[in-house]
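[1] here is the input, now give the coordinates:
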Amino acid sequence: MIDLTISIVTANNRLLIVDCLKSIYETTHGLRFEVYVVINDSLDDSEEAIKENFPEVTLIINREKLGFTRNHNMVMRRSEGKYILVLNDDTVILEGALNKMVDFMEASPQVGILGCKILNPDGSLQWSCGKSFSHAFEHFKSGVLRTLLAPFIRDQFYLRTQEVTWVTGACLMARSEAIREVGLFDENIIIYFEDGDWCYRMVQTGWKVVYYPHAEIIHYYGQTRKQYLGRDTFIIYLSRLYFFSKHYSPLTLHLVKFLTMLEAILRYMKTLMFSYYSPSEKFQKQELLEAYQRVIKLAWNYGKTKYEYSKQ
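    Numbers count the residues shown, from 1 in each chain. All right, here's what the predicted structure looks like:
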């Protein structure tokens, strides 16, 4: 049996996907693993570069753009691995990380999902998990409080192995047995918060979600997202509201709608105050301002007006 199936989705990120694949093969030893790369309507030469440098990789070529969840689900349906690794194309695996994650899963049969420590390219810590008594409070903590108090948040939380509420889908290992019980990603979520939804369903079914800091990767956060900054900013909040409407009571949803408006207002004001000098920076600023305005309207009207999620 294959130990690990690695699923990566990429679009127009040739340099990043090549570096990501190189790191997998250079730092993973003794595991039987297979790698799938879904090329999501890419216009660059990623397909040719992967075929030339990594002929052992299985390619799935989409001629139209599909959502993050649909792409990874295609891989999971074909997977033969005991474990599945959902991995972003803008990541670099550090020495032994995947071996350590598989070893931890082998020693912890109650764990359905495992996340690792994620570092920025400069070696600083990237927020990659959260722990709260409820998703609603976690939304408040990771949204409103982080917007206000980011410079004062300490990193000690990320230094120990622990059960958590959610881990990020940038690098997420799941047990195939648990996936068969819980199901695949919810394809109603195009992208963002699919990880939180999966973690929630795992816990509700009796599996544990664990953060494991002894395995480390580097994540070039935002390198993919910056191509679609305004659109993706809006979809993040839309995905959150969908999650709460799916799993929680109307009262909780109303609370989250209020917190979403508050966070969007704070981020709008924060963006407005920053100075941007280059034309591209000014364009990104305008994109963000417009996105936060849309988010405020979305939160106010969510549940009153029908939003066709798949068309955003």
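[2] note down every partner strand of the strand ranked longest in the chain and its orientation.
    In the chain, ranked by residue count with DSSP state E as the criterion, the top strand is strand 208-219. Paired with strand 208-219 in the same sheet, following DSSP bridges, are strand 91-93 (antiparallel), strand 111-119 (parallel), strand 162-163 (antiparallel).
[3] for the stretch 1-150 of the chain, which spans come out with low pLDDT?
    132-150 (pLDDT under 70).
[4] mind redoing it with 80?
    131-150 (pLDDT under 80).
[5] can you show me the helices along it?
    Using DSSP state H, counting those that start in this stretch, the helices of the stretch 1-150 of the chain run over residues 14-27, 46-53, 68-78, 97-107, 135-140, 146-149.
[6] now tabulate these in a markdown table and tack on mean neighbour count and distance to residue 190.
    In this view, the C-beta of every residue, glycine as well, is placed from N, C-alpha and C. Shown next, in a markdown table, are those (neighbours: other CB atoms under 10 Å; distance: least, CB to CB, whole Å):
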| stretch | mean neighbour count | distance to residue 190 |
| --- | --- | --- |
| helix 14-27 | 19 | 20 |
| helix 46-53 | 15 | 21 |
| helix 68-78 | 20 | 7 |
| helix 97-107 | 19 | 27 |
| helix 135-140 | 19 | 19 |
| helix 146-149 | 13 | 23 |
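[7] strands along the chain, start to end?
    2-10, 33-40, 58-62, 81-88, 91-93, 111-119, 129-130, 162-163, 166-167, 171-175, 208-219.
[8] show me the protein divided up by domain.
    According to automatic domain parsing, the chain comprises the domains 2-219, 226-311.
[9] just those: most buried one?
    domain 2-219 (a mean of 18; mean count of other CB atoms under 10 Å).
[10] straight-line length of that domain, end to end?
    Domain 2-219 has an end-to-end distance of 26 Å (criterion: CA to CA, to the nearest Å).
[11] can you check stretch 190-198 too?
    13 Å.
[12] and that stretch, how far out from the chain's middle?
    Its chain's C-alpha centre and that of stretch 190-198 lie 7 Å apart, by CA atoms, centre = their mean, to the nearest Å.
[13] how close does the spatially most central residue of the chain get to residue 197?
    In the chain, the residue lying closest to the centroid (CA atoms, centre = their mean) is residue 169, at 3.1 Å. From residue 169 across to residue 197, the span is 10 Å (CB to CB, to the nearest Å).
[14] now do residue 115
    Distance from residue 115 to residue 197, by CB to CB: 15 Å.
[15] that older thread, mind pulling up the pLDDT for the residue nearest to the centre of the chain?
    Residue 169 carries a pLDDT value of 93.
[16] wait, what's in contact with the closest residue to it other than its chain neighbours?
    Once flanking residues are discounted, residue 169 sits nearest to residue 195: 3.6 Å by CB to CB, 6 or more residues apart in numbering. Residues in contact with residue 195 (CB atoms under 8 Å, 6 or more residues apart in numbering) are 86, 166-169, 172.
[17] and residue 195, how far from residue 183?
    Distance from residue 195 to residue 183, counting by CB to CB: 14 Å.
[18] try residue 48
    Distance from residue 48 to residue 183, by CB to CB: 35 Å.
[19] what of residue 242?
    On the measure of CB to CB, residue 242 and residue 183 end up 16 Å apart.
[20] got it, and residue 241?
    Counting by CB to CB, the gap from residue 241 to residue 183 is 21 Å.
[21] what does residue 190 give?
    Residue 190 is 17 Å from residue 183, where distance means CB to CB.
[22] check residue 115 too.
    Residue 115 is 19 Å from residue 183, where distance means CB to CB.
[23] same thing with residue 56?
    29 Å.
[24] likewise residue 4?
    Separation of residue 4 from residue 183 (CB to CB): 20 Å.
[25] then residue 208?
    17 Å.
[26] now do residue 103
    26 Å.
[27] try residue 81
    Distance of residue 81 to residue 183, given as CB to CB: 17 Å.
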